[in-house]
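In: Curious how this folds, go ahead:
(chains A and B)
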Amino acid sequence: MEIWHRVAFNADVKPNFKSEVDKLGLKYKLSPLPGHMFGLVSFEISELDARWLRVHEMIRTEGASDIYNTVFTKPEILSAKWIRLMPTFEQGYPQPEESWKDTAYVGKCPQCGAGYRQKAPFHLAKEPRLGRHSFMSLYWAYTVFTTPQVLAILDATDIRGYERWDALMHRTGQPSQVVSQLFFPVIAEPGLAEEDKLQPETCPQCGLTKYGYHKRGYMRLKRAALRSDVDVQLTHEWFGSGGHSGFREILISNRLARLILENNWRGVSLKPVELI
Amino acid sequence: MQADTIVQSSARDAKPIFPLVVSYAEPGLLAQWNELQRSNRQAVAPNDPQLLNRYAYARNNPLAYRDDTGHVLWWVVGGIGGAVVGFGAYALTHQDNFDWGQAALWTGGGALVGATFGAGAQLVAGALSAEAAVTAGAAATTGVAAASRGLNVFSRAAEFGIRSYNQLRTLTSGTGLKAHHLIEKRFAEGLGLNAGEIPSIALTAQEHQVFTNAWRSAIGYNGDRALLTTANATREAIWQAAQDIYIKYPDLLEAVRQALFGQ
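Out: Numbers count the residues shown, from 1 in each chain, chains lettered A, B, ... in the order given. Below you'll find the model as predicted:
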């Protein structure tokens, strides 16, 4: 596995940082901004890169946007029994934008965004354009949609633990011809280990504890908390950024992860779980 | 009347209606000045498109307005003055043997010398005006740098100010402008913001695209590595990105800060 960082900074305001990046020979993207000579410099770098320590030092002294996540290799993913599945191809917003939370969910805490259960299908503004992706999600809603082709294979291979829900076109109320939602009804028992490392916050309004998004290394879960008779289940615990977004992690079996990798289905990111 | 004013043809006694920065506006200089204005138009005249054209001195209506002082022919003035001086000098020095033919020659010579000096003076004045124009242009350029601190660096954002997205979308309807969320809409849910209430500015499609690209560069999404999605974007990550993107526009940054953290 590798921890990858996306670093971005304003080169006009931080010329020393830009000089250092130039000196290190890092390949970066320059995004122009009005009234700027240079604009925004952005690049990605792995912690395994010999230049990372210097970049890290510059981030610390100069300040910069630094977002990171763990990228696992295919063998690492396939050697795990359970794997976190994260939708990464987001397109469109749930409809109607002002009231979708009330029409699609029940029980969503207005303060922390957790604690909800989906009660009705999502509405889409228009048919999605997936390109080469096989999975997609909506902005604002942590959910997974997929194509009829993928559904056919899931069905043929007897993947368990999901329901196919229509995604409705908001204007007509008719089901999308491009995607359907994968609804996951099975929820695991409490099983998150090392909870204290994930900045737990208990919501004063609903009383639920929400954990920070897991970004570094393997997430650790208690083996006994997971169901073994399904290929997909949700964690008992809620996660989110600390703001109003709340979601349960989607866990998939090794069998399903293998299917995704072998078919090169795009639009999700896979991260193995360490069972204890 | 001052030398650097424009008057309406039909009302020459009326109050000056528009001050010019450059006097003695030769067409070349005026073109140069207008070019400077064009290149710095946001800083010079964010609210007055009339200032952006070659006939700005007449508010785009040279038939109705005149620049009385900008086109004075100094060689004529010099010529007349020279003629008077030439005639006077001859008359004073030839009181005893005054001859109209010789007086005419002296007057003509004076006129020629006066006209030459007048034209020279006009050139000098023109040069000075050019210098003034360059200086003013430099000042205007500095103005752009200063304006980049606010909204004037953008095409028409200053006309509409910073408003909620919903307000701005209504106001800019039919203008071809886009209401640009200062915090990207995709983060609204996670931040607990109403997308329609996010502070926004009116941008052209190109300007809007520039900022969209910058946000994507700062906190990319949909990439293979998917370092950030709407699900894992923290308030702090969004604030850091906003500082990198809007650091030269303090008004915008302050609006973002207030939206993220309150007053």
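In: Specify the local secondary structure of B:L112.
Out: With DSSP: H, G, I helix; E, B strand; the rest coil as the basis, B:L112 sits in helix.
In: how deep is it tucked in, by neighbour count?
Out: Counted with other CB atoms under 10 Å in any protein chain shown, the neighbours of B:L112 add up to 15. For every residue, glycine as well, the C-beta is placed using N, CA and C.
In: And it, how far from chain A?
Out: According to CB to the nearest CB, to the nearest Å, B:L112 stands 54 Å off from chain A.
In: Nearest residue to that residue in space, please, no chain neighbours.
Out: B:G82 (6.8 Å; CB to CB, 6 or more residues apart in numbering or on different chains).
In: Endpoint to endpoint, stretch A:104-116 covers what distance?
Out: Using CA to CA, to the nearest Å, the end-to-end distance of stretch A:104-116 comes to 10 Å.
In: Quick one: mean pLDDT for it?
Out: Averaged across stretch A:104-116, pLDDT comes to 94.
In: pLDDT weak spots in chain A?
Out: Chain A contains residues with pLDDT under 70 at A:242.
In: ranges for the helices of it?
Out: For chain A, applying DSSP state H gives helices covering A:15-24, A:52-62, A:74-78, A:100-104, A:148-156, A:254-262.
In: Neighbours of the residue nearest to B:L112, how many?
Out: Per other CB under 10 Å, the neighbour tally for B:G82 reads 23.
In: how would you label it: helix, strand or coil?
Out: helix.
In: Thought B:W106 was touching it, still the case?
Out: No - using CB atoms under 8 Å, B:G82 makes no contact with B:W106, being 10.2 Å away.
In: Near the residue in the stretch 1-150 of chain A that chain B sits nearest to, how many other residues are there?
Out: Nearest residue of the stretch 1-150 of chain A to chain B (CB to the nearest CB) works out as A:G35 at 3.0 Å. A:G35: 20 surrounding residues under other CB under 10 Å.
In: And for the one 3 residues further on?
Out: Other residues near A:F38 number 16, with proximity taken as other CB under 10 Å.
In: The residue most central in space within chain A - nearest residue in space that isn't next to it in sequence?
Out: Nearest to the mean C-alpha position of chain A, by CA atoms, centre = their mean, lies A:M86 at 3.9 Å. Of all residues not flanking A:M86 in the chain, A:S269 sits nearest, at 4.5 Å (CB to CB, 6+ apart).
In: And that neighbour, how close does it get to A:D102?
Out: Distance, A:S269 to A:D102, using CB to CB, to the nearest Å: 30 Å.
In: Show me which of these two is the more surrounded one.
Out: A:S269 (22 against 12).
In: pretty sure the more buried one contacts A:I83?
Out: No - in this structure A:S269 lies outside contact range of A:I83 using CB under 8 Å: 10.0 Å.
In: quick revisit: pipe the helices of chain A into a markdown table and attach distance to B:E254 per row.
Out: Compiled in a markdown table, these are given as follows (distance: least, CB to CB, whole Å):
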| stretch | distance to B:E254 |
| --- | --- |
| helix A:15-24 | 24 |
| helix A:52-62 | 22 |
| helix A:74-78 | 45 |
| helix A:100-104 | 30 |
| helix A:148-156 | 46 |
| helix A:254-262 | 45 |
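In: Reformat those helices as TSV; add distance to chain B.
Out: Output for those, formatted as TSV (distance: least, CB to the nearest CB, whole Å):
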stretch	distance to chain B
helix A:15-24	11
helix A:52-62	10
helix A:74-78	13
helix A:100-104	8
helix A:148-156	18
helix A:254-262	13
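In: Contact partners for A:V55?
Out: A:5, A:7, A:20-21, A:24, A:26, A:45 (CB atoms under 8 Å, 6 or more residues apart in numbering or on different chains).
In: 7 Å instead, please
Out: A:7, A:45 (CB atoms under 7 Å, 6 or more residues apart in numbering or on different chains).
In: what's the answer for A:R84, then?
Out: Each residue near A:R84 by CB under 7 Å, 6+ apart is listed here: A:219, A:249-251, A:271, A:273.
In: Burial check on the residue lying closest to it once chain neighbours are set aside, number of neighbours?
Out: Using CB to CB, 6+ apart and skipping the chain neighbours, the partner closest in space to A:R84 is A:K271 (4.4 Å). Close neighbours of A:K271, defined as other CB under 10 Å, add up to 22.
In: tell me which parts of chain A are close to chain B?
Out: When proximity is defined by CB under 7 Å from any CB of the partner chain, chain A lies next to chain B at A:4, A:6, A:8-10, A:12-13, A:29, A:31-36, A:40, A:42, A:65, A:67-69, A:71, A:86, A:88-90, A:97, A:139-140, A:142, A:213, A:241-245, A:247, A:269.
In: List only buried entries from those residues.
Out: For the residues of chain A next to chain B, a burial check counting by 16 or more other CB atoms under 10 Å in any protein chain shown picks out A:4, A:6, A:8-10, A:12-13, A:31, A:33-36, A:40, A:42, A:65, A:67-69, A:71, A:86, A:88-90, A:97, A:139-140, A:142, A:213, A:241-245, A:247, A:269.
In: My understanding was that A:G115 contacts A:G207; is that so?
Out: No - between A:G115 and A:G207 there is no contact under CB atoms under 7 Å: 8.9 Å.
In: Look at the two and report which has more neighbours.
Out: A count of neighbours by other CB under 10 Å puts A:G115 above the other of A:G115 and A:G207, at 19 against 10.
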